[in-house]
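S.K.: sharing a sequence plus its predicted fold:
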Amino acid sequence: MNNSSIPQSHGDVAPGDELAPADVPHAIGGYLLGLALATLLTCVSFYIAQSTLVWQPSIPIALSVLALAQMGVHLVFFLHITSGPDNVNNVMALAFGLLIVMLLVFGSLWIMTHLDHNVMPMERMMRMQR
Amino acid sequence: MSATAETFSGGVAGGGLALGSRGHAQALTEEPAHGPAKRIVVAYGFWIFLISDIILFSALFASYAVLTDATAGGPTGRDLFELPTVAIETACLLLSTVFCGFAGIGAQVRRNTLYYGSMTATFVLGATFVAIELHEFATLIAAGAGPGRSGFLSAFFALIGCHGLHVTAGLLWLLTMMAQVYAKGYRDDIRRRLLCFALFWHTLDIIWVALFSLVYLVGVAPR
């Protein structure tokens, strides 16, 4: 019987696990690269939100694109979602989750901004009741 | 329950072992003889939970997006949000997520200084984030802009407050993981829990990216 504190299997190496001590600087470098990219994207977001550099009506779109890019950076450099041996399962689950998220957010916005299409606007109803 | 027992007995390499406390503990720490590694299965299951958590946030986010302009004559985001505070919060959470990654590396190579140092840094930065957020909430409520003021503020407090509660729960989990590694060492099952904690913490930062970009920055951007 093996002692439970001794690792028993080295055959199935997942990314970022069963790390050799020699690989530590490389692994830390990966996180620092992710930090640099995320910081850059964050700074750009804060800058364009307050400046007149970008055409103003397009600022929310630009901020959404920058946020999506930063989420991608986090997924790749921090969560390592793309580099696993079973990464297909993880990415498929994420894709399905994103589908639900998009349906929820854009579906809610779509319905709630078009609520009055089949409903008489309040002013007209008031006028008719007079 | 019987399915659980079967999984555990399948995890015992020898098979035929009585499912006493000993067999149970062994099943928790040992890799199964066939199929993907237990670590990969655990991470996948926890990833499914995290995606359901992201969907929870997206529902709160959708209600916020619908209610942004429902200010009932009260203050708007442009009147209330202070970007320097948000920038400090963002920096805290981003740095803490990187330190959380370092802690994972420290646990893999069993280097105590790297593990405990990084976990402490993660905790301090996360606690700073929660403290700043609580102060922001207290300031808003004191200024008469509490969650009861308008639909916009109800949705704002629900969305940001839910994230804050997640971070607070994450801080408790972080302390638990430090105590477990201290008490039980870098055992395989402890490191799987640590992997789940790291996934949770990184996901909270991803959600914060959406929040600071689309709630705070879009809220103050000129329209």
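M.R.: Cool, the structure landed. Numbers count the residues shown, from 1 in each chain, chains lettered A, B, ... in the order given.

S.K.: quick one: least confident helix or strand in chain A?
M.R.: For chain A, counting by mean pLDDT, DSSP states H and E, helix A:122-129 ranks last in confidence among helices and strands (a mean of 76).

S.K.: that one close to chain B?
M.R.: No: figure legend: helix A:122-129 not in contact with chain B (Cβ under 8 Å from any Cβ of the partner chain); closest approach 15.1 Å. Using the backbone N, CA and C atoms, a C-beta is placed for each residue, glycine as well.

S.K.: okay, that helix in CSV with CA atoms only?
M.R.: Extracted as CSV, the C-alpha positions of helix A:122-129 are listed here (Å, rounded to 0.1, in the frame of the first residue of the first chain):
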residue,chain,number,x,y,z
MET,A,122,-49.1,55.6,-22.6
GLU,A,123,-49.7,59.1,-23.9
ARG,A,124,-51.9,57.9,-26.7
MET,A,125,-54.0,55.9,-24.3
MET,A,126,-54.4,58.9,-22.1
ARG,A,127,-55.5,61.0,-25.0
MET,A,128,-58.1,58.4,-26.1
GLN,A,129,-59.5,58.3,-22.6
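
S.K.: return the set of buried residues in it.
M.R.: Judged by neighbour count (16 or more other Cβ atoms under 10 Å in any protein chain shown), helix A:122-129 contains no buried residues.

S.K.: what stretches of chain B score poorly on pLDDT?
M.R.: The model of chain B has pLDDT under 70 over residues B:1-34, B:223.

S.K.: tell me the buried residues in the host helix or strand of A:Ala38?
M.R.: Secondary structure assignment for A:Ala38, by DSSP states H and E: helix A:24-50. For helix A:24-50, burial by neighbour count (16+ other Cβ under 10 Å) applies to A:24, A:27-28, A:30-31, A:34-35, A:37-39, A:41-42, A:44-46, A:48-49.

S.K.: which other helices and strands does the helix or strand just after that helix contact?
M.R.: Of the helices and strands lying after helix A:24-50 in sequence (DSSP H and E), the nearest is helix A:59-77. Packing partners of helix A:59-77 (3 or more Cβ pairs under 8 Å, 6 or more residues apart in numbering or on different chains; DSSP states H and E): helix A:24-50, helix B:188-211, helix B:218-220.

S.K.: can you tell me what sits against helix A:59-77?
M.R.: Applying Cβ atoms under 8 Å, 6 or more residues apart in numbering or on different chains, the contact partners of helix A:59-77 are A:30-31, A:33-34, A:37-38, A:41-42, A:44-45, A:48-49, A:54, A:81-83, A:94, B:97, B:202, B:205-206, B:209-210, B:213-214, B:217-218, B:221-222.

S.K.: and residue 100, how many neighbours?
M.R.: Defaulting to chain A. Number of residues near A:Ile100 (other Cβ atoms under 10 Å in any protein chain shown) recorded here: 15.

S.K.: you looked at the wrong chain, it should be chain B
M.R.: Number of residues near B:Cys100 (other Cβ under 10 Å) recorded here: 29.

S.K.: also the one 5 residues further on?
M.R.: When counting by other Cβ under 10 Å, one arrives at 22 neighbours for B:Ile105.

S.K.: helix or strand for it, which one?
M.R.: Counting by DSSP H and E, B:Ile105 is part of helix B:83-108.

S.K.: give me the buried positions along that helix.
M.R.: B:83, B:86, B:89-90, B:92-108.

S.K.: go back to these and keep what's next to chain A.
M.R.: Taking Cβ under 8 Å from any Cβ, the overlap between the buried residues of helix B:83-108 and the neighbourhood of chain A is B:83, B:90, B:94-95, B:97-98, B:101-102, B:104-105, B:108.

S.K.: next, B:Val66: secondary structure please.
M.R.: Here B:Val66 takes the helix state, with states given by DSSP: H, G, I helix; E, B strand; the rest coil.

S.K.: distance check, it against chain A.
M.R.: For B:Val66, the distance to chain A equals 4 Å [Cβ to the nearest Cβ, to the nearest Å].

S.K.: repeat for B:Gly164
M.R.: In this view, B:Gly164 and chain A are 19 Å apart by Cβ to the nearest Cβ.

S.K.: residue contacts, that residue?
M.R.: By Cβ under 8 Å, 6+ apart, the contact list for B:Gly164 reads B:130, B:133-134.
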